[in-house]
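Visitor: task: produce atomic coordinates for the following.
(2 chains, ligands or ions: 1)
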Amino acid sequence: MSSTFVGMPAFPEAARAAVDDPTLRGNLRHATHTIRAKRAAAVAELADWGGLREAGRRIKDHTLRHLDRYLERLEASVTAAGGTVHWAADADEANRIVAELVKETGESEVVKVKSMATQEIGLNEALEAEGIRAYETDLAELIVQLGKDRPSHILVPAIHRNRGEIRDIFTHEMAAWGRPAPGDLTDTPADLAEAARLHLREKFLRARVGVSGANFMVAETGTLVVVESEGNGRMCLTLPETLISVVGIEKIVPTWRDLEVFLQTLPRSSTAERMNPYTSMWTGTTDEDGPRAFHLVLLDNGRTDALADQVGRQALRCIRCSACLNVCPVYERAGGHAYGSVYPGPIGAILTPQLRGTASEIDASLPYASSLCGACYEVCPVAIDIPEVLVHLRERVVEGGPAVRRGNKVVLRPARGHAAERAAMRAAAWAFGHPGALRTGQRLASRSRRLHPRTLPGPGRAWSGTRDLPTLPPEPFRDWWQRTRGGKDAK
Amino acid sequence: MRVALFLTCVNDTLYPETGKAVVKLLTRLGVEVEFPMGQTCCGQAHYNTGYRHEAEPLARRFAEVFREYDAIVTPSGSCGAMVRELYPRMGERARAEGRGDSLARTVAPVVPRTYELTEFLVDVLGVTDVGAWYPHTVTYHPTCHGLRSLGLGDRPRRLLAAVRGLDLVELPGADECCGFGGTFAVKNAAVSAAMGTDKVRNAESTGADVLCAADNSCLMHIGGTMSRLKVDMRPVHLAEILAGTEEDPSL
Ligand code: SF4
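Guide: A predicted model of the protein is given here:
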């Protein structure tokens, strides 16, 4: 994945900073609670939501099980329709392919429609290094780019910004990228949208190369699908002469019919709309309509490694609706940046450590960025059991074990820094296997209870820093039970 | 019907009153409960922190200790979910790892016989009015595993609504996690504390004098936060509310 985030502190540390930032907390709370309620209402409208969710899960699982077959089918369809397919094993390869394709056109700028895959691989930075400037055209993405910021949400990358902050960013930064913001810009949504529209219009009309992602790729016809709300995608997909789409290999579905399911579940889960305002579909090239040249870069970048993992592979079903982010109490407090990846929130916490591995501090901390409350699983339109995968990845962090890395079977060693915890867990497991020993421990604790502090030393301080500990009872239940024969004798 | 109380290690050590309340309540309803002394811990803390292999012997012990009972009742949604949802999964994983069927076969009999307290009352005994009396204003926090893993639904609320003298008030944001999450509370202390604080502030806004839940781990976190924030409200386990009567009240 992108190197942009390497060197991030572990999640708890990054999250602490966010928890202490009242503006950020306010922005996130407002945004997530609003969309949460709207999503619930939009989903409740459909009597067969459960059936659609199950259908989505099944289609994705089936496709993933036969991914090789469907990818070859897709390649054949795209080629037959006049497109060219490129295979990229990792970020470097994908960036190199895109940079070369742009250079072949003789252009030095591209317009982009929001694409998580290109953020994942750090395409903008790679193009910059080759002297090519990439302009983001999604409104939220534009705000992030102008603000020299990082995305913090899958669907609303600038969710952490409020309107006042956005006005300041436009006023100060737009000029360096093209048409400046009007001098009297206010922070009303209409004004901000108009400033962005004027700024972007220039880019659309000038650009000869477009770069996109895709929500779906249909194997049987080689059709790519982008769903969006602003229309910027449609501009990027139709105006340029050359279109380069960079898409993760898991975005494939076998047939057009399969779209029927996702075009219902995706908009309702993400923006709480019955149907998204723009659905663009393109198949190869067509004479005198749309781009003259079409390139599809199929990105692996850790995906086949994730596919090899029996428990973790379900993360590849994700359709990036962001419902799990909006409902997650941890995301709401920690903010998207704390996850150190373009994929924040619950899905990021399971996807990133699979794509990047668990070697770095931030990646090893992500599986713990959850209280396992299960709200993410409940809302996920493709039924990804995120808590299950989190626990599975925790096991990988603390105990190591078999995994596949770059196509090779490896046995991972436990991540560093868990030795004390492992020892404590083993000791506890031993005591719980020996009720006699457990009882002695309970009695000792109860007898010395007057000496117990209400705050804890060492790692326990994190607990008692904000909460008071319970006082120990004079005797554990099992002693009471024996003494009173289950309450039959004196109390 | 032979009924066993699975109290859980946390309740045994820290909250014996909850155990006594379950015994009192079930006895009043005509159920004779037994407390198998061999019980210890369901292994959830191990499992959820990533020590699945350490949790396996605890699952086996659980299955052996409780094998001969027709019903196993626990006053913890979280530990109930561990047995019902995760024991079968542990069995499947062991099988997938080529370690045979033994774990799956050992745990299979106890899985369907394990009930969270409110399920046992409503589904097995078929009662919602347990004859309790509790003259307080109470707000109910449904804990995550009870809510989502076990699907307890409105059972706890129905039981509370039938308690005489009890004034049940809705908790804003009830379905949101309180931020305990076992080791999460220690590993991500800042986020956990922020979640706990929001829960307490929501509870405070109801004007209730008691916050009720069916899991003492969450109540420990919420209660510890209340105490630190000096909020005048008590965390009380559902069993303790249901156990009280006019003749022999829970205070
Ligand atoms: S994991 Fe599920 S809920 Fe989260 S973004 Fe992906 S599809 Fe949506």
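Visitor: go through the chain and flag its longest helix.
Guide: Here I'm looking at chain A. Scanning chain A for the helix with the most residues, using DSSP state H, yields helix A:22-44.
Visitor: please refer instead to chain B.
Guide: Using DSSP H to define each element, chain B has its longest helix at helix B:189-205.
Visitor: give me the contacts around that helix.
Guide: Defining contact as C-beta atoms under 8 Å, 6 or more residues apart in numbering or on different chains, one finds that helix B:189-205 is touched by A:12, A:15-16, A:19-20, A:25, A:329-330, A:333-334, A:371, A:462-463, A:465-467, B:139, B:141, B:171-173, B:176-181, B:184-186, B:211, B:221-222, B:224-226, B:229, B:231, B:233. For every residue, glycine as well, the C-beta is placed using N, CA and C.
Visitor: give me the buried subset of these.
Guide: A:12, A:15-16, A:19, A:25, A:329-330, A:333-334, A:371, A:462-463, A:466-467, B:139, B:141, B:171, B:176-181, B:184-186, B:211, B:221-222, B:224-226, B:229, B:231, B:233 (16 or more other C-beta atoms under 10 Å in any protein chain shown).
Visitor: and the stretch 201-350 of chain A, which residues reach chain B?
Guide: By C-beta under 8 Å from any C-beta of the partner chain, the residues of the stretch 201-350 of chain A that approach chain B are A:Gln310, A:Val311, A:Pro329, A:Val330, A:Arg333, A:Ala334.
Visitor: just the mean pLDDT for stretch B:37-46, thanks.
Guide: pLDDT averaged over stretch B:37-46 equals 94, rounded to a whole number.
Visitor: go on, stretch B:233-249?
Guide: Confidence for stretch B:233-249, expressed as mean pLDDT, is 96.
Visitor: now do stretch A:305-315
Guide: The pLDDT scores in stretch A:305-315 average 97.
Visitor: related to what we said a few turns ago, chain center to the longest helix of chain B: distance?
Guide: Here the centre of helix B:189-205 is set off from its chain's centre by 20 Å, with C-alpha atoms, centre = their mean, to the nearest Å.
Visitor: quick check: chain neighbours aside, which residue is closest to the residue of the stretch 51-200 of chain B found nearest the ligand?
Guide: Among the residues of the stretch 51-200 of chain B, B:Arg148 lies closest to the ligand, at 14.6 Å counting by C-beta to the nearest ligand atom. Distances taken as C-beta to C-beta, 6 or more residues apart in numbering or on different chains place A:Gly374 nearest to B:Arg148, at 3.9 Å, with adjacent residues excluded.
Visitor: can you pull the residues of the stretch 351-491 of chain A lying near the ligand?
Guide: For the stretch 351-491 of chain A, the residues in contact with the ligand (C-beta under 6 Å from any ligand atom) are A:Val379, A:Cys380, A:Pro381, A:Val382, A:Ile384.
Visitor: now with 8 Å?
Guide: With C-beta under 8 Å from any ligand atom as the criterion, the stretch 351-491 of chain A meets the ligand at residues A:Cys376, A:Val379, A:Cys380, A:Pro381, A:Val382, A:Ala383, A:Ile384, A:Ile386.
Visitor: equivalent analysis for the stretch 151-300 of chain A, please.
Guide: Among all residues of the stretch 151-300 of chain A, those adjacent to the ligand (criterion: C-beta under 8 Å from any ligand atom) are A:Ile154, A:Ser269, A:Ser270.
Visitor: please tabulate these in CSV, including the columns neighbour count, pLDDT and secondary structure.
Guide: Listed next are these as CSV, based on neighbours: other C-beta atoms under 10 Å in any protein chain shown; pLDDT from 0 to 100; DSSP: H, G, I helix; E, B strand; the rest coil:
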residue, neighbour count, pLDDT, secondary structure
A:Ile154, 25, 93, coil
A:Ser269, 28, 97, helix
A:Ser270, 25, 95, helix
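Visitor: which one of these is nearest chain B?
Guide: Looking at those and their distance to chain B, the nearest is A:Ser269, at 17.5 Å (C-beta to the nearest C-beta).
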